[in-house]
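>>> whatever this is, show me its structure:
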Amino acid sequence: MTARGPERAGTAAPDRGAGTDDGTRVPYRRWRRWVRSLRRRAVLARAAESGADPHDRVYLVYGVVLLGLVYGPMLWSAVAGAGTLLAGLPASRHGAALAAVAVLGTAAACAGGLVAARAGGPVWVSPPEATFVLAGQFRVREVLWRRAVALAAGAAAAGAFVVTAVAHGAGAPPGLVGVWGAGAAVLAQVPLAVGAAAQTARGRFDVDAAAAGFRRSATAGVGLLGGDSGAVAGVLGPQVHAGRRATLPRALLRRAPVAARDLLGLRRRPAAAAWSVVAGVLGAVLVVLGAVAGPLATVAGACVLYGAAATWCAGLRAMAAQPEPGALLPGSVPRVIAAHAVVPGLVALAVTALAAAATAALGPSAWSVAVPVVAVLVVVLAARLWVAGATAAPPGLFTPMMTPAGDASMLVLGAWYVRGWLVVTGAAWLMHRTGGDGTAASPGAVVVALLVAAWLVSAGVRRFVRA
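Residues are numbered from 1 along each chain as shown. Alright, predicted model coming up:
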């Protein structure tokens, strides 16, 4: 009898060796209890030798609970404050508004699940597990089902936490808050399923890839805790270059070598470039629709444009990653930065033209489309330059910041990581509110965009020069 079924007559089972275990000789639960007992004995032995307390995990649990009690109410208040924006709507529209928030949140979480799958998650596998547990000794499903249950429970708790906070801030009745929380707990399983499905390679669990992702994520996590925003690239892993046969255009290489290099980077990533243009057109259309749909559409469009511009501004990030930014080419640092701005500017103009063509059927003229879109794109590209100028958090952000709710230094560090998104969101909202007709096409909105962009560019250039 083998692991796959009864053997045929006249055939012998292959000799696996006395030291191997195919999962049939020792059940996984018994083996897991044995390893746990060995670890417990090792911990007690080390504690006895060093004179330490063998019950350090109690203090670890205490610290985790304390952090939850400190930052949990702060996060709840912040999310509930965002829900107060829905309180001004009629009671009959609360359900539709909360449903829209749930759908958008699920879509964003699905994107996060895809990123987590590329980073080795959401079912984390450490290198020792990949080597000694999942390399054929035991079935993957038998080993990881507890982890999957824990992840499902955590996703349900996170989804219920966010949606109930939003519903409470919107002034929904307690019974309705509970119903929305239960629905969010169920809906939160969709991003988890997307991430788990993306992590599966060709119908089987790729243990080696998951272990490699775990190593990248552990290293990048240490960098992020230390204030290094460039560690995000380590989480995502190496970029996939499909257009490897693309070469530098000779005519452009002689006159504008920096622009030629940036153009080559886009040509070697055709899928990412195409999707970024599609996302940019969608964001531009949302900015145009802000005149009818309100400031939420303008802000959402600006955020989509900022996300799409990450592909266009890859040259600036490559320059920031150099030991001395701008020193590889002749000329001053501002001149090299201006050369890196050529390709993103051309792509932004192409996105504006495509958005004008897409909205032509809706009635607005090309001028009324181009002005708000260009104004928002100027702020977006300036924010990308500003963010690329500094990849390490200032040491002052790690100083304890005591508030009535507790220490807010980690929240400040988190805000520094998303500073570009915050600036673009605030600028888009201010441009919409400044416009007399409720759009970003008024002279006041254009002046706001130019002032914000000028400040961001000057700050970003100074950072590059100091580096």
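
>>> lowest-confidence helix or strand of this structure?
Lowest on mean pLDDT, DSSP states H and E among the helices and strands of the chain sits strand 200-201, with a mean of 60.

>>> and Ala197, how far is that from Arg146?
Distance of Ala197 to Arg146, given as CB to CB, to the nearest Å: 19 Å. Every residue, glycine included, has its C-beta placed from N, CA and C.

>>> pLDDT weak spots in the stretch 51-200 of the chain?
51-57, 59-60, 88-89, 91-92, 94-95, 118-124, 135-136, 200 (pLDDT under 70).

>>> just the helices in it please.
56-83, 94-118, 127-132, 140-169, 174-187, 189-199 (DSSP state H, counting those that start in this stretch).

>>> and the shortest one, what's buried?
By 16 or more other CB atoms under 10 Å, the buried positions in helix 127-132 come out as 129-130.

>>> now stretch 186-201: buried residues?
187-188, 190-192, 194-196, 198-199.

>>> so which other helices or strands are in contact with the helix or strand Val371 falls within?
Assessed by DSSP states H and E, Val371 sits inside helix 366-388. Secondary-structure packing of helix 366-388 (3 or more CB pairs under 8 Å, 6 or more residues apart in numbering; DSSP states H and E): helix 270-293, helix 295-312, helix 314-320, helix 342-358, helix 419-434, helix 443-466.

>>> what's the angle from the fourth one to helix 270-293?
Looking back up the chat, that one is helix 342-358. 50 degrees (axes from the mean of the first three to the mean of the last three CA atoms, to 10 degrees).

>>> for helix 342-358, list the C-alpha coordinates in CSV.
Extracted in CSV, the C-alpha atoms of helix 342-358 (Å, rounded to 0.1, in the frame of the first residue of the first chain):
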residue,chain,number,x,y,z
VAL,A,342,10.0,65.1,-20.9
VAL,A,343,8.5,61.6,-21.2
PRO,A,344,5.9,62.0,-18.3
GLY,A,345,4.9,65.3,-19.8
LEU,A,346,4.3,63.8,-23.3
VAL,A,347,2.4,60.9,-21.8
ALA,A,348,0.3,63.3,-19.8
LEU,A,349,-0.6,65.3,-23.0
ALA,A,350,-1.6,62.0,-24.7
VAL,A,351,-3.8,61.1,-21.8
THR,A,352,-5.5,64.5,-22.0
ALA,A,353,-6.1,64.1,-25.7
LEU,A,354,-7.6,60.7,-25.2
ALA,A,355,-9.8,61.9,-22.4
ALA,A,356,-11.1,64.8,-24.6
ALA,A,357,-11.9,62.3,-27.3
ALA,A,358,-13.6,60.0,-24.8
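
>>> buried by neighbour count: which residues of that helix qualify?
342-345, 347-348, 351-356.

>>> cool, the first one as well?
Going by neighbour count (16+ other CB under 10 Å), the buried part of helix 270-293 is 272-273, 276-277, 279-291.

>>> now the last one
Of the residues in helix 443-466, those with enough neighbours to count as buried (16+ other CB under 10 Å) are 445-446, 448-449, 452-453, 456-457, 460-461, 463-464.
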